[in-house]
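take this sequence and fold it.
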Amino acid sequence: MTTLHLALFVPLFLGQLARTAPEPRSSPPDPQAAREEPQATSPGEHEVDEEFTPVVAQKDQLVEAIPSPVAEPMGLAIHEGSLWISDMATRKIHEFHLGDRKVLRSLDAPGLMPSGLAVHDGLLVIADRQADRFHRVRLAETGLTGAETLPYYEKWAWGLVSDGKSLWAVDARQNKLHQLDPDDGTTIRSFPAPGTHPTAIAWDGAYLWVAEHASNTIFRIDPETGWVVSSIPSPGPYPSAMVFFDGTLWIADYQSRRIYRVRLPEKLRVIEDDERRVRATYQVVYRAAGPGKVRKLTSFLAVPRELTGQRLLAPVRFDPEPTRMARDRWGQEIAVFELGDLAPGETRSVRWVGDFATFRVRYQIDPYRLEPLRTDRELSSYLADDKKYNLRHPALTDWLRELSREPAHPYRTARRIYEKLVDSIVYDRSGGWNNAAAVLERKSGSCSEYTFALVALLRRSGLPARYVGAISERGDAASFDDVFHRWAEVWMPGYGWVPVDANAGGGADPAVRGLHFGGRTNRHIVTTIGGGASEYLDWTYNHHTRYELEGQATLTEQPIGRYRPLKVKAAAGRNILLVEKAAEARPEPPAPACPPVVEPPASPEAHRGRVTSLLWSALFAGLFLLVLGIYIAIRVQRRR
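Predicted structure coming up:
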């Protein structure tokens, strides 16, 4: 075989292999997407995702989960005992009988993309995602009659609901909630919607409930202020329509093609979910320098404890063993290390190591059901003045003057202070830790200064408040922290100490603001709880140091927190842990100090992608050989 023949055969053979190789995927294949979706589906003809496990807040929260009678449920409404469902796939409105769970009739929708449904003054109001108007129709036995249009001046109406006086629409394009005049469609007011992909909306008689697809979360929203008051997990992966009826929330799910009926968690105090297990270490390294000695070096380490959202998997270990254990005036446990004297160049270190289960925390506060605030002797210490608060300073009086016009209410007072502080202070980690008055006047501060200002404003308003200090995960699951974090907690009657983090709650997203008033993420290990100056920690958190210097000696100290993920078995489905009060810890054997890193096996998709990449490389190599062969053949022919 000549060089020319070989050069022609190799690329042709490799090209054929490349054509028959599967296309690489950037994500696992979607079996649902692999099936061809019919253009129009009759009720009950589509398949249901049987593998999805509903997320529930309490064991009895999920009343039932029924297969959706339509392929693409986009709107739900209740009218005269029937559930009306808009189906975008068939462009029809279906009447679903709640008694025998059967579709009674299917009617053509006025538009091509029926989305939200609502019943207002006996009329069925139909939103269309692509239209600039709503359709109002009267439901008769023969079909939809008396159709008339209502102007809609906003964008992409997805969810729709009536509160009895106004219509509320979810604007999926502008990411807003609009209150609309039901007579002429005028936009009365608008709020930012929580999250990035709002879909459905419902009304329970006091609050709006808004579903958000990106986080699979359902938010309870105050219709007067637009505040996210609390949130619960969506039972399905893609909530697309909701309606409140008969004391339960009905949630249609676009992906699982089910309709979930859930009870709202009325008596639930707090939700703990999104569990993570980590090994955390906090270490302080000391080094003496210069002529002279460091004498009577004593290190005080705050010891983490069990809290809502934080479990100890094993007792905290110390290295070296502490000289003694103590407890300060706020009840914080302290490990005391009496390290003695350090000569120039000498280094000492102290640390604790602990294995923790951490959870995202979301308090389920209902302002309408809040108990009266009663300040007992124990809570009165969290109303007292202190050096960093300066409660009688005119700056606090002026700052609170506008808020004092509103009626006193523990939740609303605390929330107004939080919202105003988020809007008026910017983060700036410089200049040490100033007191609350200086922070309010300067309008900037570190997380500790945010906290001092917030605690002072809450106490000045008669609400018990304290602070919490922690080491925090910084980005990756395995990371270190040498900055740390502090936030406030306020006492809410019936709920206890509730986290309030004005520093983390910045930005315009109501979901973020709502999470950090009454919640926190699972990326902190709380080490310190205090109300003011401590006899061991002073105004610091995590640790404090005392020593004497002889001559020109200096002492350098470096605190650092470290995170390492613990290996755990994967949880089945999307079930979450939800508790009414903190559960008892269940210690487990400590994990190895440095768990071995095991590379996960390559997925079939990744393997096929690598094969395809190699084949394409071989194809280009073959083309190169082809050109080279032609060139050599031409040169040989010319020489002959």
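
the biggest strand by length in the chain: which residues count as buried?
If you go by DSSP state E, the chain has its longest strand at strand 270-289. Neighbour counts using 16 or more other Cβ atoms under 10 Å place 270-284, 286-288 of strand 270-289 among the buried residues. C-beta: built from backbone N, CA, C; applies to glycine.

let me know the average pLDDT across whichever helix or strand Leu400 is part of.
Using DSSP states H and E, Leu400 sits in helix 394-401. Averaging pLDDT along helix 394-401 yields 94.

equivalent analysis for stretch 373-388, please.
pLDDT averaged over stretch 373-388 gives 90.

now it: how far from the chain's centre is it?
31 Å (Cα atoms, centre = their mean, to the nearest Å).

ok, stretch 436-449 next?
Worked out by Cα atoms, centre = their mean, stretch 436-449 lies 27 Å from the chain centre.

so for that stretch, what's the average pLDDT?
Stretch 436-449 comes out at a mean pLDDT of 93.

can you check stretch 221-234 too?
95.

can you tell me the distance between the two ends of that stretch?
This stretch, stretch 221-234, spans 15 Å end to end (Cα to Cα, to the nearest Å).

again with stretch 453-467
End-to-end distance of stretch 453-467 (Cα to Cα): 11 Å.

what comes up buried for that stretch?
In stretch 453-467, counting by 16+ other Cβ under 10 Å, buried: 453-461, 463-467.

which of those fall within strands?
Using DSSP E, Ala465, Arg466, Tyr467 are the members of the buried residues of stretch 453-467 that sit in strands.

next, the contact list for Arg317, please.
Trp352, Val353, Gly354 (Cβ atoms under 8 Å, 6 or more residues apart in numbering).

give the next helix or strand downstream of the helix or strand of the chain with the lowest mean pLDDT.
When each helix and strand of the chain is scored by mean pLDDT, DSSP states H and E, helix 31-34 comes last, with a mean of 36. Using DSSP H and E, the helix or strand that follows helix 31-34 in sequence is strand 62-67.

which residues touch the residue nearest to Leu391 when sequence neighbours are not counted?
Nearest non-adjacent residue to Leu391, counting by Cβ to Cβ, 6 or more residues apart in numbering: Asp385, 4.4 Å away. Contacts for Asp385 (Cβ under 8 Å, 6+ apart) come out as Leu391, Arg392, Arg459.

quick one: secondary structure of the first one?
By that I understand Leu391. coil (DSSP: H, G, I helix; E, B strand; the rest coil).

equivalent analysis for Ala502, please.
Three-state call for Ala502 (three-state DSSP): coil.

isn't it right next to Leu421, touching?
Yes - with contact defined as Cβ atoms under 8 Å, Ala502 counts as touching Leu421 (4.6 Å).

and those two? Which one has more around it.
Counted by other Cβ atoms under 10 Å, Ala502 and Leu421 do not tie: Ala502 has more neighbours, with 27 against 23.

now the nearest residue to Ser68 once chain neighbours are set aside: how far from Leu463?
Distances taken as Cβ to Cβ, 6+ apart put Arg257 closest to Ser68, at 4.6 Å, once the chain neighbours are dropped. Between Arg257 and Leu463 the computed distance is 46 Å (Cβ to Cβ, to the nearest Å).

and if you look at Pro73?
44 Å.

if we can go back for a sec, what packs against the helix or strand following the helix holding Leu400?
Downstream of helix 394-401, the first helix or strand assigned by DSSP H and E is helix 410-424. If you count contacts as 3 or more Cβ pairs under 8 Å, 6 or more residues apart in numbering; DSSP states H and E, helix 410-424 packs onto helix 447-460, strand 485-492.

let me know the angle separating helix 410-424 from helix 447-460.
140 degrees (axes from the mean of the first three to the mean of the last three Cα atoms, to 10 degrees).

what packs against the next helix or strand after helix 410-424?
Later in the chain than helix 410-424, the nearest helix or strand by DSSP H and E is strand 426-427. If you count contacts as 3+ Cβ pairs under 8 Å, 6+ apart, strand 426-427 packs onto strand 444-445.

the strand it packs on pairs with which strands?
The strands beside strand 444-445 in its sheet (DSSP bridges) come out as strand 426-427 (parallel).

which residues does the helix or strand that the strand it pairs with is followed by contact?
Using DSSP H and E, the next helix or strand after strand 426-427 towards the C-terminus is helix 436-442. With contacts defined as Cβ under 8 Å, 6+ apart, helix 436-442 is touched by 388-390, 393-396, 399, 424-425, 434, 445, 449-450, 452-453, 455-457.

please report how far Lys387 lies from Leu537.
Taking Cβ to Cβ as the measure, Lys387 falls 14 Å from Leu537.

more crowded one of these two?
Using other Cβ under 10 Å as the criterion, Lys387 and Leu537 rank with Leu537 on top: 21 against 11.

skipping its backbone neighbours, what lies nearest that one in space?
His544 (4.4 Å).

next structured bit after whatever helix or strand the one you found lives in?
Following DSSP H and E, the helix or strand that holds His544 is strand 543-551. On the C-terminal side of strand 543-551, the closest following helix or strand by DSSP H and E is strand 554-565.

who are the packing partners of that next one?
Going by 3+ Cβ pairs under 8 Å, 6+ apart, strand 554-565 lies up against strand 270-289, strand 465-472, strand 479-481, strand 543-551.
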